[in-house]
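Visitor: only geometry, no sequence info:
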């Protein structure tokens with residue numbers, strides 16, 4: 001839904017300028033923003049690790065990834081991951097790759 005009923009009659013510049021700007025974020029908002037930034041950074045790091053393991057596209061890396069059960073689709077060790085349609089995925093799920101990488105480095 002639009003904030004103004006008639007698309008052919010948009011608000012004027014004066015009407016737009018009359019809308020008050022939101023106040024700057026307070027300390028609680030800053031904490032939330034910082035926490036969201038930390039989560040985003042952790043996800044970027046996790047995704048880059050998964051891509052790094054997947055780029056090792058040799059047979060050994062694929063076997064090590066498939067040696068772990070997939071928490072996303074439930075594929076057993078040694079089986080390929082599945083799509084929601086039931087067809088096999090060309091790549092393992094990200095969580096499966098991350099678990100395999102953690103096992104390789106531990």
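Guide: Now that the structure is in, tell me what you want to look at. Here the structure is a predicted model, which means the values were calculated and not measured.
Visitor: which secondary structure elements does the longest helix along the chain contact?
Guide: What stands out as the longest helix in the chain, according to DSSP state H, is helix 27-55. Secondary-structure packing of helix 27-55 (3 or more Cβ pairs under 8 Å, 6 or more residues apart in numbering; DSSP states H and E): helix 59-66, helix 94-105. Using the backbone N, CA and C atoms, a C-beta is placed for each residue, glycine as well.
Visitor: and the last one, how far out from the chain's middle?
Guide: Going back to what we said before, that points to helix 94-105. Its chain's average C-alpha position is 16 Å from that of helix 94-105, according to Cα atoms, centre = their mean, to the nearest Å.
Visitor: what's the angle from it to helix 59-66?
Guide: 110 degrees (axes from the mean of the first three to the mean of the last three Cα atoms, to 10 degrees).
Visitor: buried ones in helix 94-105?
Guide: With burial defined by 16 or more other Cβ atoms under 10 Å, the residues of helix 94-105 counted as buried are 94, 95, 96, 97, 98, 99, 100, 101.
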